[in-house]
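> Could you look at this predicted model? Sequence included:
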Number of protein chains: 2
Amino acid sequence: MELRQLQYTLQIAAERNFSRAADKLHIAQPSLSQQLSKLEKELGVLLFQRNTSSVELTHAGEKFVEQAQAIIDAVELLRQEMSDISQLRTGRVVVGSMPITGAHLLPHVLPVFKSKYAEVEITLLEDSSMNLEKLTASGQTDLSLLSLPLEIPTLAYEVLGEERIDLAVPPEHPLAARSAQGIRTSLHELKNEPFIVLKEGQGFRKMTVELCREAGFEPQIVFESNNMETVQSLVATGMGVTLVPHFIARAPRSEFVPVYLPLADPVPSRTLVVAYRRGRYLSRAAEAFIETFKATVAGLADE
Amino acid sequence: MELRQLQYTLQIAAERNFSRAADKLHIAQPSLSQQLSKLEKELGVLLFQRNTSSVELTHAGEKFVEQAQAIIDAVELLRQEMSDISQLRTGRVVVGSMPITGAHLLPHVLPVFKSKYAEVEITLLEDSSMNLEKLTASGQTDLSLLSLPLEIPTLAYEVLGEERIDLAVPPEHPLAARSAQGIRTSLHELKNEPFIVLKEGQGFRKMTVELCREAGFEPQIVFESNNMETVQSLVATGMGVTLVPHFIARAPRSEFVPVYLPLADPVPSRTLVVAYRRGRYLSRAAEAFIETFKATVAGLADE
DNA sequence: GATATCTATAGGTTATACTTATAGACAGAT
DNA sequence: ATCTGTCTATAAGTATAACCTATAGATATC
């Protein structure tokens, strides 16, 4: 039994005439006779009572047509749904993001994406950099927002942009006043400052410490937190200084706000990327999400 | 999109492995790869994320599999239902019958048929001989119980058996007494008897009159009725004589019962047949009904 | 680093749905 | 009654496409 045969049968039932049905199906009339005969033989049942002057459904034919119509409808629905997915009218993308960074970047991306592709469902999943890499490598997320370098080599990525790293100091800190006069601070000048940093395991903690080491000193860590907001509040109350990604520096949300100072050349930065599994097929929905993501981050970097 | 491709896809989804799926489908692995690729190309959507070490469904693939399974199930159900009809496990036969004759014959046939083919539905339709022929010729009944000759030439028939025609007389009629002594009555002896017959239009009325004419006289008709039971009651009360088909004579149902006498050689008879439209395909259910009908009538005739 | 196992591709064969031409049956018109 | 047009079925050949085997190329495992 073939879908073609179901369609042929429905057309004959509708037209009650082989020649006319064949025309509508854009095949020659003998093909239609052949296919119907073949189907009837396979089923062991005559579907149409026919002679040169009339074509009518048998009892079996009536039952057949009823169910065949339902099958053809279901096939059509399936085809339509696949077309919707392919045309990006529907779909799903699971996006992983680092909690600190995602909380600041995704609110800019999601509304733009939603307005363009209303029927694509986005699922967010926040975790540490290392876990995100694992989730993405194993296919549990389609994409992840991460920063270079990536630890897992089976991940491919596209660069979203460079993100400057800023210095955060208490409002009354001397470096704040100096910066107001246009003098930028270099990293090595922080050698004797008390540092407040994220706890071990978070990607940015590692980056902070390594930037200090590259500048020639080991940071004096006086406090650690899992939460970047807490780190910033502590800085604001005068307990020390820290480094922060620029996109976070832009929008302090608490009442305890440190002062953010750009650092001197060479300005430290990190490269933000969307990562996905190497060789993995990206759905059109995922591709569209990357596209929107890149455009949005590029727009933010310009500010 | 082909049913074959749906089945292949389901098998791959079940096995998560092309080679194993190909084995189960009894095709070579490259054929499976080809068919899936073709389907994906047609749909514009990747259904499986695959490489040498893993095969997993994409989002689109999951939706596809879900609906494809429903379609395959519906096809299987349809195939099963057609098989049921073809195997005579289900079906429908519309049977027409003459009211007088059918009422006496069908009660013998139907229970036998029902016990053999419980799921075949029988619809009865009683009408005059002429109307039955028309209904059968136009396909509104599958079969009709009739007696020869048939008026409409597009009808084919199978003979069920010969049915003797008996004479019915009042209990006190001299012919009854004579018959008790073993002397059979010839038709021409009824020349001066008053006849009670069916009304014009019923097949058996015509037959009665013609039998008399063949015996050399015009019957003196003193009363006519549309109902054979009435005719017999009137005979029983002494108003006249009549001819009756033997299967009716066998089972008088009223309290006014005439005496039934066999006629002398050449014993008149009529040929009972099941008629159907010439060239018409008979469903297996209809064939089975004819078969049962013939066997049952043959059994009755033996009594 | 060798081996086994996976999916994809290449090239050739076979099955089959398609085509045109025509037969044969019937309905309606001349 | 014969002719004509129209119907479905059959015959025979062609073209499509599903299939096969062989093998490439990638990855996991020993």
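Structure received.
> how close does residue A:61 get to DNA strand D?
Computed as C-beta to the nearest atom of the strand, to the nearest Å, the residue A:61 to DNA strand D distance reads 13 Å. From N, CA and C alone the C-beta is placed, and that goes for glycine too.
> What of residue A:127?
Counting by C-beta to the nearest atom of the strand - residue A:127 and DNA strand D are separated by 23 Å.
> Check that residue and give its pLDDT.
pLDDT, residue A:127: 84.
> tell me the contacts of it?
Applying C-beta atoms under 8 Å, 6 or more residues apart in numbering or on different chains, one finds that residue A:127 lies in contact with A:96, A:98, A:99, A:135.
> Now do the SS call for the residue of the stretch 101-250 of chain A found nearest DNA strand C.
Here the stretch 101-250 of chain A gets closest to DNA strand C at one residue, residue A:139, 15.4 Å apart by C-beta to the nearest atom of the strand. Per DSSP: H, G, I helix; E, B strand; the rest coil, the local secondary structure of residue A:139 is coil.
> do residue A:20 as well
Relying on three-state DSSP, one would call residue A:20 helix.
> related to what we said a few turns ago, these two touch, right, the residue of the stretch 101-250 of chain A closest to DNA strand C and residue A:277?
Yes: in this structure, residue A:139 is within contact of residue A:277 by C-beta atoms under 8 Å, at 6.1 Å.
> Give me the distance between the residue of chain A found nearest DNA strand D and residue A:20.
Proximity of chain A to DNA strand D (C-beta to the nearest atom of the strand) peaks at residue A:30, 2.8 Å away. Look at residue A:30 and residue A:20: by C-beta to C-beta, to the nearest Å, they are 14 Å apart.
> other SSEs contacting the lowest-mean-pLDDT helix or strand in chain A?
None of the helices or strands of chain A scores lower by mean pLDDT, DSSP states H and E than helix A:174-180, at a mean of 74. With contacts taken as 3 or more C-beta pairs under 8 Å, 6 or more residues apart in numbering or on different chains; DSSP states H and E, helix A:174-180 sits against strand A:155-169, strand A:259-262.
> What about residue A:232, how many residues nearby?
Neighbourhood size, residue A:232 [other C-beta atoms under 10 Å in any protein chain shown]: 24.
> Mind telling me what element it is part of?
helix A:228-236 (DSSP states H and E).
> quick one: strands adjacent to whichever helix or strand comes after that helix?
Scanning forward in sequence from helix A:228-236 by DSSP H and E, the next helix or strand is strand A:242-245. In the sheet, strand A:242-245 lines up against strand A:155-169 (antiparallel) (DSSP bridges).
> anything in the partner strand near DNA strand D?
No: Strand A:155-169 lies apart from DNA strand D when judged by C-beta under 7 Å from any atom of the strand; the minimum separation is 11.4 Å.
> Point out where chain A drops to low pLDDT.
Along chain A, segments meeting pLDDT under 70 span A:250-254, A:279-280, A:300-303.
> Show me what the longest helix along it packs onto, helices and strands only.
Ranked by residue count and defined by DSSP state H, the top helix of chain A is helix A:59-86. Packing partners of helix A:59-86 (3+ C-beta pairs under 8 Å, 6+ apart): helix A:3-15, helix A:284-302, helix B:29-43, helix B:59-86, strand B:91-97.
> Just put these in CSV and tack on distance to residue B:112 and mean neighbour count.
Shown next, in CSV, are the helices and strands packed on helix A:59-86 (distance: least, C-beta to C-beta, whole Å; neighbours: other C-beta atoms under 10 Å in any protein chain shown):
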stretch, distance to residue B:112, mean neighbour count
helix A:3-15, 35, 19
helix A:284-302, 66, 18
helix B:29-43, 52, 16
helix B:59-86, 21, 18
strand B:91-97, 14, 23
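> Looking at the ones you listed, spot the one closest to residue B:259.
With respect to residue B:259, and counting by C-beta to C-beta, the nearest of the helices and strands packed on helix A:59-86 is strand B:91-97 at 27.3 Å.
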